[in-house]
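1. Give me the fold of what follows.
(one chain, ligands or ions: 3)
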Amino acid sequence: MTPTTPPDVAPPDVAPPGGTLFTDLYQLTMMQGYFVSGLHTQDATFDLSFRRAPYRGGYAVWAGLEPALEYLSGLQFRETDLAYLGGLGVFRPDFLAALRDWRFTARVTAFPEGRAVFPHEPLLTVSGPLWEAQLVETALLNILNFQTLIATKAARCLRAAQAGAPGSEIVEFGARRAQGPDGALGAARAAVIGGATGTSNVEAAARYGLRVTGTHAHAWVESFPDELSAFRAYAALYPDATTLLLDTFDTLRSGLPNALTVARELRSAGHELRGVRLDSGDLAYLSARVRETLDGAGFPDVRIVASNDLSEDVIESVIRGGGRVDVYGIGTQLVTGGGDGGGALGGVYKLVALGGQDRMKLTGDPAKTSVPGRKRVWRARDGTGRYALDVVTGDDEAAPRSGERVSDPGNPLRSRRVPDGLTWEDPRVVVMDAGRRTRPPEPLPDLQARTQAELRRLPDGTRRLLNPHAYHVSLSAALQGRRDALIAALRDRHGL
Ligand SMILES: Nc1ncnc2c1ncn2[C@@H]1O[C@H](COP(=O)(O)OP(=O)(O)OP(=O)(O)O)[C@@H](O)[C@H]1O
Ligand SMILES: O=P(O)(O)OC[C@H]1O[C@H](OP(=O)(O)OP(=O)(O)O)[C@H](O)[C@@H]1O
Ligand SMILES: O=C(O)c1cccnc1
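-> Ligands and ions are numbered 1, 2, ... in the order given. I've put the predicted structure just below:
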């Protein structure tokens, strides 16, 4: 085989990920087409939504808005970007010249980060010149799909953990297993929004102001002549912050007795062992035995950390099996959004209005038929403060009235009446106007607190991990009417 040599050209000076080139080629070829045909400045509206909650769950935790706004702010084509695009031989000089002055000037309306969101509702809406709103599809979906997937996973793991003991915590340990450095950073941020109380990823913690946390690895123990000297050396260095990993040789026969020796030595020197970590075997059985032994020896405050391929399902099983874990360190499954119904969130970004007229995509699959028009979301709480249903309406409609008929967006044949006694809010806010942010970034602890408050407002059945009750998102009668009319008109026009 002839070895291929790389072409003798310097790699293009592309902007760091997240600039105008972080898009699919077809966005740019369409932009050029809009420009050539004079459509580019038409007022367009695109809605971002998903059709199924991740992990076969009943809800998602909306995350990634702040990085999405950071991406949109100041977005522009640099000279090097234009030179690269020019070199592709696809783009006309007048289009490239127009890109030089291109700026993102649209309006963005969205749910605040940390709110509970559901299938079929517009989570984020971009309204502005068609070519602007088109370009940003790829990056917006990339950021919001991923962070929402991970924040939801964290919320599910925390729910499983706290079903055992309300004070239990989850922490994010996944940098080594994430989809690249960028995936690790975004996942750490999203995990904290979803409920993780810390991350082992130092760069993520420094960037986002997260609590950084950790124990030690097997390598530490293996680097000493024996386990007890390794434990003693760590405790001597970090007398008030030591968590000892018990399973390098044998959790119950070696790790635990050695940790107890060190705990006693620390106490006699005026310190307390902070914790122990279990990283293999049956975590239910081992954590119960370790708790019993620590309590019996007078160390009820030493915390038990568990790790090893954890997920919400394993956590549930550990608790069902009588486990006594205080902190769950979760890696792979959390940062990759792993598990049944995970892997990726299938959020989509659809054109719903152009030049003041409704637009939609027709398809044979009713679940994939988009909902046209500029919209509003109305969210109702019942008398107990729990969320009862969301209704998507036209953007000029008032809150639904009790008794009004609303329909299922995935199946218009199914409809229901709005119950009595609900209070309504319009949860979305304008987060960007004329391409400028309307408010400062929200601190991550606030987003984490918002998520927990949101989850408390979900009906119990919706929050359930397995086979949850589907939360009702409906379309108002007026919006359904507009959709039906447009479907009829499109069928007529296309002879369908
Ligand atoms: N009580 C439990 N219920 C359900 N799953 C558990 C429980 N305890 C541990 N697990 C899971 O079972 C698996 C343990 O696997 P296994 O015993 O093969 O590995 P291990 O003993 O940890 O060895 P190693 O990680 O070193 O390969 C892990 O995925 C862990 O999360
Ligand atoms: O949720 P997880 O993906 O398991 O991430 C956390 C794991 O990462 C570390 O060990 P590592 O997996 O690198 O090695 P080990 O399996 O030999 O402990 C740690 O000891 C945990 O077990
Ligand atoms: O600090 C830890 O215990 C840790 C960090 C990353 C991965 N596994 C464990």
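
2. Which residues are in contact with the closest residue to ligand 2 within the stretch 251-400 of the chain?
-> Across the stretch 251-400 of the chain, the shortest distance to ligand 2 (CB to the nearest ligand atom) belongs to G331, at 2.2 Å. The way it works is simple: take the backbone N, C-alpha and C, and place the C-beta from them, glycine included. By CB atoms under 8 Å, 6 or more residues apart in numbering, G331 lies in contact with 172-174, 176-177, 307, 309-310.

3. Please name the nearest non-neighbouring residue to it.
-> G174 (3.9 Å; CB to CB, 6 or more residues apart in numbering).

4. how many other residues sit next to the one you found?
-> 24 (other CB atoms under 10 Å).

5. thought it was touching I330?
-> Yes - shown here, G174 and I330 form a contact pair, counting by CB atoms under 8 Å, at 7.0 Å.

6. Show me the shaky parts of this protein.
-> 1-17 (pLDDT under 70).

7. so which strand or helix has D390?
-> strand 387-394 (DSSP states H and E).

8. Could you list the paired strands of that strand along with their orientation?
-> strand 375-381 (antiparallel), strand 473-476 (parallel) (DSSP bridges).

9. what are the C-alpha coordinates of the last one, in CSV please?
-> Output of strand 473-476 as CSV, limited to C-alpha atoms (Å, rounded to 0.1, in the frame of the first residue of the first chain):
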residue,chain,number,x,y,z
VAL,A,473,-48.5,19.0,26.8
SER,A,474,-51.4,20.1,24.7
LEU,A,475,-52.2,22.5,21.8
SER,A,476,-54.9,25.1,22.2
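
10. coming back round to it: what element comes up after the strand holding D390 heading to the C-terminus?
-> Immediately after strand 387-394, counting by DSSP H and E, sits strand 405-408.

11. From the chain's centroid, how far away is that following strand?
-> 29 Å (CA atoms, centre = their mean, to the nearest Å).

12. could you point out which element follows it?
-> Downstream of strand 405-408 (by DSSP H and E), the next one is strand 411-417.

13. which parts of the very next helix or strand once past that following strand are buried?
-> Scanning forward in sequence from strand 411-417 by DSSP H and E, the next helix or strand is strand 423-425. Neighbour counts over strand 423-425 (16 or more other CB atoms under 10 Å) mark W424 as buried.

14. Over to stretch 257-273?
-> In stretch 257-273, counting by 16+ other CB under 10 Å, buried: 257-260, 262-263, 265-266, 271, 273.

15. same thing with stretch 304-314?
-> 304-307, 310-314.

16. Give me the subset of those residues that lies in strands.
-> Secondary structure from DSSP state E places 304-306 of those in strands.

17. follow-up on the earlier one: and which of the contacts of G331 is nearest to ligand 3?
-> When those are compared against ligand 3 (criterion: CB to the nearest ligand atom), the nearest one is F173, at 3.7 Å.

18. show me what contacts that closest one?
-> 199-200, 307, 329-331, 334.

19. ok, which pair from those is furthest apart?
-> Taking CB to CB, the two most distant members of the contacts of F173 are T199 and S307; they sit 13.5 Å apart.

20. need the strands for the stretch 251-400 of the chain, in chain order.
-> Secondary structure of the stretch 251-400 of the chain by DSSP state E, counting those that start in this stretch: the strands cover 275-278, 303-306, 327-330, 348-354, 357-358, 375-381, 387-394.

21. Is it possible to get a markdown table of those strands that adds distance to G195?
-> Shown next, in a markdown table, are these (distance: least, CB to CB, whole Å):
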| stretch | distance to G195 |
| --- | --- |
| strand 275-278 | 19 |
| strand 303-306 | 16 |
| strand 327-330 | 11 |
| strand 348-354 | 27 |
| strand 357-358 | 39 |
| strand 375-381 | 21 |
| strand 387-394 | 18 |
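
22. So which of those strands is nearest F91?
-> Nearest to F91, of the strands of the stretch 251-400 of the chain and by CB to CB, is strand 348-354 at 22.1 Å.

23. Quick one: residues in contact with the closest one.
-> 42-51, 122, 130, 133, 137, 140-141, 358-361, 370-375.

24. Identify the residues contacting stretch 136-149?
-> 18, 22-24, 27, 46, 48, 50, 54, 60-65, 67-68, 71-72, 75, 104, 117, 123-124, 126, 183, 186-187, 189-190, 193, 337, 342, 344-349.

25. now with 6 Å?
-> With contacts defined as CB atoms under 6 Å, 6 or more residues apart in numbering, stretch 136-149 is touched by 22-24, 54, 60, 62-64, 67-68, 71, 186, 190, 337, 345, 347, 349.

26. From those, list just the buried residues.
-> So, by 16+ other CB under 10 Å, the buried ones in the contacts of stretch 136-149 are 22-23, 54, 60, 62-64, 67-68, 71, 186, 190, 337, 345, 347, 349.

27. So which of these are in strands?
-> 60, 349.

28. Out of the buried ones among the contacts of stretch 136-149, which is nearest to ligand 2?
-> Of the buried ones among the contacts of stretch 136-149, the one sitting nearest to ligand 2 (CB to the nearest ligand atom) turns out to be G337, at 12.9 Å.

29. what about the residue nearest to the closest one when sequence neighbours are not counted, neighbour count?
-> Nearest non-adjacent residue to G337, counting by CB to CB, 6+ apart: L149, 4.0 Å away. Per other CB under 10 Å, the neighbour tally for L149 reads 28.
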